[in-house]
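Asker: what follows is a predicted protein model with its sequence.
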Amino acid sequence: MKLTKILTKKLTSFWLLSLTAVAFVFLFCASISFIQLTYKFQQQQVKDLSTLMSEQVQHFSHLENAALDLDAKLDGQWQAKAQLSHWLPQLLASYHTVEFRLFEGDKLRYSYDNHPEYQQGVRYKQVLDKQSHWRMELMLVPPFYLHSLSWQEYWVLLIGFLAIFALVFHGQRWFAQELDGVEELAVRSHLILDGKYDQALTSAGRGKPRLINRALTRLLEQLRDAQRERGRFDKFIRSNVFLDPQTRIGNQLFFVNRLDALSQDQVMIAHGVMYLIDFPDLDIAQQEKGDQFIGEFLTQLVASINQALSECGDSIFTRRSFQQFAIVTPQLSLAEADQLANKLLKICISQAGKEFANQDNFVHLGAAFYQAGDNQLQLLEEADMALKAAQLQRSNNWFMYDKGAVDEEIAKGSVRWRSFLESSLLNKRIMSFAQGVFDSDRQLHHQEIFSRIRDNQGKDVRATLFIPMANKCGLMPQIERQLLERVFFSLMPQNKANYSVNLSLDSLSSRAFMRWLKATLLEHRPLASRLIFEISEDIIVKHQSQLTAHLDMLKKMGAKLCVDHVGQQVVGTHYIQECDFDFVKLHKSIIRKIHLRSENQLFIRSLIGGLYRAEVQVFAEGVESFEEWQTLQILGVSAAQGEFLGEVKETVSP
C-alpha cells in the first residue's frame, strides 16, 4: 500500500503543478500580448507621424521650388523650420519622444531632444520623400515604461491572484479527498485479497466511488452470513454423523473412532479404564412415561456425568445404544478408576428418583482396566463381561473385570512423579523425537517434534504417560521450554527444515513462559518463520478469548499456527479463521480406515470446503496404510504424517 500512497501523492502533486504551469503560461502569454499591443500602438503612432511629416516635407519642397533666388530659398527654409518648432515639439512630447532628427539628404534640418535620462529607447527610421531624400529618425520611450499600475489595478490583480489560489487550493483539496477515497477502497480490496474479510467489513470508511464501496460492504455482509451458515452446516453434518440426536453426545461411530485413536494396530497405547453403563428398563419407562420424560432424564444424566468427567482430561463419553452408555478415561490409575466408578453409580442412582419402577435394579456398571499393549477387542469383551457380572447381581452395582497386576510406573504417586519429572528437567533428560510431515509429492513439509523422558535405567517414558502427570504437577511449561531450547539451539542451526512444537494450555497461560518465548523469538527473529506452534482444538474452543492475545503475538513474530486434534470433538470451525490459523491437522481417529468410512470422508470434504477461501492447509496425522494416504489425497488433504510416511526418530543423542 505504500507504493499506492506514493503514486497518489505524485498524481496530486502533478495535478497541482499542471494548474500552476497553466496559470504561469496564461500570465506569460498575457504579458507578451500586452507588450506586443503597446509596440503595435507605438508603431501606429510612428506611422501617423511619418504621414504628417511627409506632407510637411512636400510642402517644404513646394516652397523651395517656388523660390526665385537663394535668399528666397533660405527665407523659406527658416520659415519652415519656424513652423516645425511651433507645433512639432508638442506633438513629439505627446509621443514621448526622446530624440528626433529630420534630414534632407545628409543635412540635418531639424532636431529635438527630450528625456535625457533615457539612454536607450526604440529607434525608428522613416523615409519621407525619396525624390528629395527627406528622412526622419526618432527614438521613443519603450511603450511598457509609460504604463504604471494604479492602486485600483493592484487591488484587482491581488483579488484575482487570491481567487486563483483559493480555487486551486480548493481543487487540490477536493482532488486529494477523492484520491484518498480511492486509496481507502484499495486498502479494503487488499484486505479482501488477503482473506481478512472481517477487518475489511469493519473498515468501510469513506471509500470512493461510494457505489463500489457500498457494493463491497453488502457483498462482505452476505459472505459473512454465508460463512456462518456454512459453519452451522458443517457442524450440522458432524453432529448428525458423530452425535446422538437425543443426548447430543458421541454415538457408536464416534466411540469407535475415538477408541481407534487410543490404540495402534488394535493395541492400546496407554493405560486407562473403560466403563459401560446400562439401564435395562429404560425402554419400558419410555413406553410408560413418554419421550419427553425420558428426554429430560437423559439430559440431566448427561450433564451430571459430564460434570464428573470434567476433572478427567480426554475422557470419551458416548451412547452405544438406546439404554447403554460408554465412558473411556485414559491416564487413570486403578485407585482413581475405583473412585470414579463409585461416583458414576451414585450419579445414576440419584437421577432415577421415584419415577422409575424397580429402583433397586435400575442401573448396572461394568468396568475394565487396561494397560499399554492390551488388545482393543479384548478390552471391549472384558468390559462387556464386567457389565454382565454386574447385571447378574440384580441390584444397582458395579463390577471391575480382573483388576490384575498394575504396572509399576502407573502406580507411582503424584509425589514420586513430581520428583521424577523435576530430576529429569534438572539433568536435561527431556529427549526430542521427530516425525516428518510430507506433502502430496512426498516432499518434507516440516518435522513435528515430540518429547520423551529417559529414566535412570535408559528406558524411554512415552509422552502419553508422563504428560498427564506433568499437567497435574504444573511442570509442562518447563518441559516445553527445554524442548523449544533444543529446537532453537540444536536442531535449527543444523539444517533449514521447518519444525512444529506442541504447546499446552499451562504454557500458553504462563506469563513467565510467554515472556521467555517472546524474548527468544525477538532474539532469533529469522528462525521464527521456520516454527509452527500446534495447539489442541479442545484448548482453543474452551479458552479462545484467553489465548487470542498470545496467538496474535506468535503470528506477529513470524511463526505459524496449527490447530491439531481437529475432529476429536464435535464443534464448529469458526475459531479457525477468527484465530488466523495457518494449518489444520485432523485427528487420527478421523484418519483411521478412512477409505472404509464414508462418514469420515464426508466430514473431511465439508471441512476443506469451508476453508478453501481462508487459505488454510489441512493436514492429517496417523496415516498407517497406502489406502488411507490415497484417500486423503483424493479428498484434498495437503500433507500428512504417520508410520506409512515416516517413523518417529530421535533427533539428538543424549
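Answerer: Thanks, I have the structure now. Computed from a predicted structure; not experimentally measured.
Asker: show me the shaky parts of the stretch 551-654 of the chain.
Answerer: Within the stretch 551-654 of the chain, the segments meeting pLDDT under 70 span 570-572, 612-613, 652-654.
Asker: how about the strands of it, start to end?
Answerer: 560-566, 583-586, 617-620, 639-640, 649-650 (DSSP state E, counting those that start in this stretch).
Asker: Gln43 is nearest to which of these?
Answerer: Closest approach to Gln43 among those is made by strand 560-566 (84.7 Å; Cβ to Cβ). (Glycine included, C-beta is placed from N, CA and C.)
Asker: what lines up beside the closest one in the sheet?
Answerer: strand 531-536 (parallel), strand 583-586 (parallel) (DSSP bridges).
Asker: how far is the first one from where the chain is centred?
Answerer: What that stands for is strand 531-536. On the basis of Cα atoms, centre = their mean, to the nearest Å, strand 531-536 sits 19 Å off its chain's mean C-alpha point.
Asker: ditto for the shortest one
Answerer: Between the mean C-alpha point of strand 583-586 and the mean C-alpha point of its chain there is a distance of 19 Å (Cα atoms, centre = their mean).
Asker: what of stretch 255-272?
Answerer: Worked out by Cα atoms, centre = their mean, stretch 255-272 lies 39 Å from the chain centre.
Asker: now do the buried residues in that stretch.
Answerer: 255-263, 268-272 (16 or more other Cβ atoms under 10 Å).
Asker: next: stretch 516-536.
Answerer: 517, 520-521, 524, 527-528, 530-536.
Asker: repeat for stretch 445-455
Answerer: His445, His446, Gln447, Glu448, Ile449, Phe450, Ser451, Arg452, Ile453, Arg454.
Asker: mind checking which of the residues you listed are in strands?
Answerer: Among the buried residues of stretch 445-455, the residues falling in strands (DSSP state E) are His445, His446, Gln447, Glu448, Ile449, Phe450, Ser451, Arg452, Ile453, Arg454.
Asker: can you list those residues in JSON lines and add distance to Glu311?
Answerer: Converted to JSON lines, those look like this (distance: Cβ to Cβ, whole Å):
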{"residue": "His445", "distance to Glu311": "37"}
{"residue": "His446", "distance to Glu311": "35"}
{"residue": "Gln447", "distance to Glu311": "35"}
{"residue": "Glu448", "distance to Glu311": "29"}
{"residue": "Ile449", "distance to Glu311": "29"}
{"residue": "Phe450", "distance to Glu311": "26"}
{"residue": "Ser451", "distance to Glu311": "24"}
{"residue": "Arg452", "distance to Glu311": "26"}
{"residue": "Ile453", "distance to Glu311": "25"}
{"residue": "Arg454", "distance to Glu311": "30"}
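Asker: helices or strands up against the host helix or strand of Ser350?
Answerer: If you go by DSSP states H and E, Ser350 is part of helix 334-352. Secondary-structure packing of helix 334-352 (3 or more Cβ pairs under 8 Å, 6 or more residues apart in numbering; DSSP states H and E): strand 272-278, helix 291-309, strand 324-330, strand 364-370, strand 397-401.
Asker: by how many degrees do it and helix 291-309 diverge?
Answerer: Here the directions of helix 334-352 and helix 291-309 differ by 150 degrees (axes from the mean of the first three to the mean of the last three Cα atoms, to 10 degrees).
Asker: helix 334-352 vs strand 397-401, what angle?
Answerer: 150 degrees.
Asker: same question for helix 334-352: list its buried residues.
Answerer: So, applying 16+ other Cβ under 10 Å, buried residues of helix 334-352: Leu334, Ala337, Asp338, Leu340, Ala341, Leu344, Leu345, Ile347, Cys348, Gln351, Ala352.
Asker: can you tell me the closest non-neighbouring residue to the third one?
Answerer: Think Asp338. Met400 (7.1 Å; Cβ to Cβ, 6 or more residues apart in numbering).
Asker: for that neighbour, list each beta-bridge partner.
Answerer: Ala367.
Asker: list the contacts of it.
Answerer: Residues in contact with Met400 (Cβ atoms under 8 Å, 6 or more residues apart in numbering) are Ala337, Asp338, Ala341, Ala367, Ala368, Phe369, Ala386.
Asker: quick one on the thing from earlier: turn the buried residues of stretch 255-272 into a markdown table, including pLDDT and distance to Tyr197.
Answerer: Formatted as a markdown table, those follow (pLDDT from 0 to 100; distance: Cβ to Cβ, whole Å):
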| residue | pLDDT | distance to Tyr197 |
| --- | --- | --- |
| Phe255 | 83 | 37 |
| Val256 | 82 | 38 |
| Asn257 | 79 | 33 |
| Arg258 | 79 | 34 |
| Leu259 | 82 | 39 |
| Asp260 | 79 | 37 |
| Ala261 | 76 | 34 |
| Leu262 | 78 | 38 |
| Ser263 | 78 | 41 |
| Met268 | 80 | 44 |
| Ile269 | 78 | 41 |
| Ala270 | 78 | 42 |
| His271 | 81 | 46 |
| Gly272 | 86 | 43 |
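Asker: out of those residues, which comes closest to Val563?
Answerer: The closest of those, once distances to Val563 are taken by Cβ to Cβ, is Ala261, at 16.4 Å.
Asker: what's the closest non-adjacent residue to the closest one?
Answerer: That would be Ser589: by Cβ to Cβ, 6+ apart, it lies 3.5 Å from Ala261.
Asker: per-residue confidence for the residue nearest the centre of the chain?
Answerer: Centroid-nearest residue in the chain: Lys196, 5.0 Å away (criterion: Cα atoms, centre = their mean). The model reports Lys196 with a pLDDT of 73.
Asker: let the chain start at 2 from now.
Answerer: With 2 as the first residue, the last one maps to Lys197.
Asker: which SS state does Ala94 fall under?
Answerer: helix (DSSP: H, G, I helix; E, B strand; the rest coil).
Asker: returning to that earlier point: include distance to Ala309 and mean neighbour count when you put the strands of the stretch 552-655 of the chain into TSV, please.
Answerer: Shown next, in TSV, are the strands of the stretch 552-655 of the chain (distance: least, Cβ to Cβ, whole Å; neighbours: other Cβ atoms under 10 Å):
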stretch	distance to Ala309	mean neighbour count
strand 561-567	23	23
strand 584-587	29	26
strand 618-621	33	24
strand 640-641	36	24
strand 650-651	40	12
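Asker: could I get these as CSV with distance to Lys11?
Answerer: Below are these laid out as CSV (distance: least, Cβ to Cβ, whole Å):
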stretch, distance to Lys11
strand 561-567, 37
strand 584-587, 41
strand 618-621, 40
strand 640-641, 45
strand 650-651, 57
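Asker: among these, which is nearest His171?
Answerer: Of all the strands of the stretch 552-655 of the chain, it is strand 561-567 that lies closest to His171, at 50.0 Å by Cβ to Cβ.
Asker: list just the nearest of the contacts of Met401 to Ser639.
Answerer: Among the contacts of Met401, and counting by Cβ to Cβ, the member closest to Ser639 is Ala369, at 39.0 Å.
Asker: enumerate every residue touching that closest one.
Answerer: Contacts of Ala369 by Cβ under 8 Å, 6+ apart are Val274, Met275, Leu380, Glu383, Ala384, Ala387, Met401, Tyr402.
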